[in-house]
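> next input, structure requested:
(chains A and B)
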Number of protein chains: 2
Amino acid sequence: MRVVIVLDEPRDPVNIGGVVRAMKNMGLGRLYLVRPVDFDPWRIEGVAHTGMDVIEAARVFDRLEDAIADATLALGTTARGRRVRRNYRRPREAAAEVLAAAQAGQEVALVFGREDRGLSNEELDLCSRIVVIPTDPEHRSLNLAHAVLILAYEIFLAADIELPFKEPRQTAARARREQLETLFQEIGASLRAVDFFKAHKVEPIMRTVREVAARADLDERETALFKAMAHEVRNFLARHGL
Amino acid sequence: MRVVIVLDEPRDPVNIGGVVRAMKNMGLGRLYLVRPVDFDPWRIEGVAHTGMDVIEAARVFDRLEDAIADATLALGTTARGRRVRRNYRRPREAAAEVLAAAQAGQEVALVFGREDRGLSNEELDLCSRIVVIPTDPEHRSLNLAHAVLILAYEIFLAADIELPFKEPRQTAARARREQLETLFQEIGASLRAVDFFKAHKVEPIMRTVREVAARADLDERETALFKAMAHEVRNFLARHGL
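Take a look at the predicted model:
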């Protein structure tokens, strides 16, 4: 995917390492650096734990204009809403747009400013859009890698076509009503066997059991297991002459 | 908001600092630490740049069970989908649920494992839900602060948008983790008393019980009722000299 992370004047290799790690987690691989203060691949990789391929393929530029020259869409990021009359986007909205452009084979640049002051207004002017990362208004200053992560995460989710995460459950089939009724009978019989209903009314108790079973959406295996548990209570009593 | 970030055995104050920074950016303030290897407030604050209030108010625990005892909803986080048949959520789905519980005044714990190996299956068993943070399958290992950030960001957004997450029922309060652990102990003890574990392995059985309880989202009344049922089995046996 032709999504490029552009870091403008990053000052700390530890932050670049954090950026690389976040990129790898979210499936991004292109990193451009504009005037990095300290670009030591080994220190960066030490922080990133991975991503030497990203670091080795990283390109270094003297000017932000050059780093984003090939992009059809350049998104400048900020935690502040600085100026009126701007093309602001939230990360989630931006992600959809980024994805559409990238999937059309266009290069998209996500531009992040210096750790201590972010992108200047002039740098933001170079971008097609501004993405405002939502934060607590009293604590707006995001770590550089954190800012990259949020954008990368939103793009990763937008690209994940099977987003409705499939429940890994339901390897076993959902229990049929008949199986559930047998379970309820077993539970009732065992509770009766241990004199539980001497102190509790049958009907509300068994209604609660049914409600919980319904909410849990029991499968066949679970239904059989709970039935076996209840059954074992009476088996044990029978073995001991009770 | 009663959302607590719980770090289980964090090893590096730099990571705790990153967590605090992410928390402040996303408006969270409660931090619990379970057996932190190095909890040096000044080093942490040096990384966080802010959040000394969070660090000073942080609570330290010896056991994860104690850290999440008061939570009605404990979400264990992992980047892996480890096992079939679990109560998985994506961060976005989880955020809506977290918010609903927190807004109802309940304590919600978001639990994050050690930097090098995450949460164990036993630790995940203590949680009501498991949140799987989506990543590139080939680069699943997230930085600790990055994992916290993604959850905190989703909760911040959910709170911002005021997602109308409707609680399905609200007769009794949702059970706290401590109450559920007592229930599981009672069930285990009663099954043992009737020799159920002579033919069945303890661990998978108790895991199924936990999974079903989590899916059913038991309230306090139901939890107390099931506990009484299990307890009555042993009471009965005791009355009959077994």
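> and the residue nearest the centre of chain A?
Geometric centre of chain A, nearest residue: residue A:153, 6.5 Å, by CA atoms, centre = their mean.
> quick one: low-confidence ranges for chain A?
Filtered on pLDDT under 70, chain A yields the residue ranges A:80-87, A:161-171.
> show me chain A divided up by domain.
As assigned by automatic domain parsing, chain A contains the domains A:3-159, A:177-239.
> for the first one, how far is the first residue from the last?
With CA to CA, to the nearest Å as the measure, the first residue of domain A:3-159 is 12 Å from its last.
> that one: how far from the chain's middle?
18 Å (CA atoms, centre = their mean, to the nearest Å).
> downstream of the helix or strand in which residue A:73 is found, the next helix or strand is which one?
Here residue A:73, judged by DSSP states H and E, is contained in strand A:71-78. The helix or strand immediately downstream of strand A:71-78 is strand A:88-89, counting by DSSP H and E.
> which other helices and strands does that next one contact?
strand A:129-132 (3 or more CB pairs under 8 Å, 6 or more residues apart in numbering or on different chains; DSSP states H and E). C-beta here means a position set from N, CA and C on the backbone, and glycine is covered the same way.
> redo that, cut-off 10 Å
Judged by 3 or more CB pairs under 10 Å, 6 or more residues apart in numbering or on different chains; DSSP states H and E, the packing partners of strand A:88-89 are strand A:71-78, helix A:91-103, strand A:129-132.
> list the contacts for the residue nearest to residue A:240 when sequence neighbours are not counted?
Leaving out its chain neighbours, the residue that sits closest to residue A:240 by CB to CB, 6 or more residues apart in numbering or on different chains is residue B:242, at 5.8 Å. Applying CB atoms under 10 Å, 6 or more residues apart in numbering or on different chains to residue B:242 gives the contacts A:236, A:237, A:239, A:240, A:242, B:193, B:194, B:234, B:236.
> quick one: the helices in chain A?
A:13-25, A:41-48, A:52-57, A:64-67, A:91-103, A:121-125, A:144-159, A:177-193, A:202-216, A:220-239 (DSSP state H).
> what angle separates the second one from helix B:13-25?
The reference is to helix A:41-48. Put simply, helix A:41-48 runs at 70 degrees to helix B:13-25, going by axes from the mean of the first three to the mean of the last three CA atoms, to 10 degrees.
> give me the residues contacting helix A:41-48.
Residues outside helix A:41-48 that contact it (CB under 10 Å, 6+ apart): A:10, A:12-24, A:31, A:36, A:38, A:40, A:51-52, A:54-56, A:58, A:145, B:14, B:143.
> convert it to PDB, retaining C-alpha atoms only.
The C-alpha coordinates for helix A:41-48 follow below in PDB (Å, rounded to 0.1, in the frame of the first residue of the first chain):
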ATOM      1  CA  PRO A  41      19.500   2.700  12.200                       C
ATOM      2  CA  TRP A  42      20.800   0.400  15.000                       C
ATOM      3  CA  ARG A  43      19.400   2.600  17.800                       C
ATOM      4  CA  ILE A  44      16.100   2.800  16.000                       C
ATOM      5  CA  GLU A  45      15.900  -0.900  15.500                       C
ATOM      6  CA  GLY A  46      16.800  -1.500  19.100                       C
ATOM      7  CA  VAL A  47      13.600   0.300  20.100                       C
ATOM      8  CA  ALA A  48      11.500  -1.000  17.300                       C
END
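> burial count for residue A:55?
The local packing of residue A:55 (other CB atoms under 10 Å in any protein chain shown) involves 19 other residues.
> ok so, going back, sheet partners, orientation included, of the strand holding residue A:73?
The pairing partners recorded for strand A:71-78 under DSSP bridges are strand A:107-112 (parallel), strand A:129-132 (parallel).
> out of the ones you listed, deepest packed?
With neighbours defined as mean count of other CB atoms under 10 Å in any protein chain shown, those peak in mean count at strand A:107-112, which reaches a mean of 25.
> list the buried residues of the strand holding residue A:73.
A:71, A:73, A:74, A:75, A:76, A:77, A:78 (16 or more other CB atoms under 10 Å in any protein chain shown).
> closest one of those to residue B:204?
residue A:77 (47.1 Å; CB to CB).
> gap between the closest one and chain B?
From residue A:77 across to chain B, the span is 14 Å (CB to the nearest CB, to the nearest Å).
> ok, that residue touching residue A:149?
No. Under the criterion of CB atoms under 10 Å, residue A:77 is not in contact with residue A:149, lying 11.5 Å apart.
> shared neighbours, the two?
What both residue A:77 and residue A:149 touch, as defined by CB under 10 Å, 6+ apart, is the set residue A:142.
> residue A:115: how many residues sit nearby?
Under the criterion other CB under 10 Å, the count of neighbours that residue A:115 has is 21.
> got the contact list for it?
Residue A:115 makes contacts with A:7, A:9-12, A:14-15, A:37, A:141-145, A:147, B:49, as judged by CB under 10 Å, 6+ apart.
> ok, now residue A:153?
Taking CB under 10 Å, 6+ apart, we find residue A:153 in contact with A:22, A:25-26, A:91-92, A:95, B:91, B:133-135, B:146, B:149-150, B:153-154.
> repeat the analysis, applying 6 Å as the threshold.
By CB atoms under 6 Å, 6 or more residues apart in numbering or on different chains, the residues touching residue A:153 are A:26, B:150.
> then residue A:113?
Going by CB under 6 Å, 6+ apart, the list of residues near residue A:113 reads A:8, A:119.
> at 7 Å what do you get?
Applying CB atoms under 7 Å, 6 or more residues apart in numbering or on different chains, one finds that residue A:113 lies in contact with A:8, A:119, A:123.
> now do residue A:17
By CB under 7 Å, 6+ apart, the contact set of residue A:17 is A:44, A:45, A:46, A:47, A:48.
> can you report how many residues lie near the closest residue to it other than its chain neighbours?
For residue A:17, ignoring the flanking residues on the chain, the nearest one in space by CB to CB, 6+ apart is residue A:47 at 2.5 Å. Residues lying near residue A:47 (other CB under 10 Å) number 20.
> now for the domains of chain A, which one comes closest to residue B:111?
domain A:3-159 (19.5 Å).
> alright, calling it a day.
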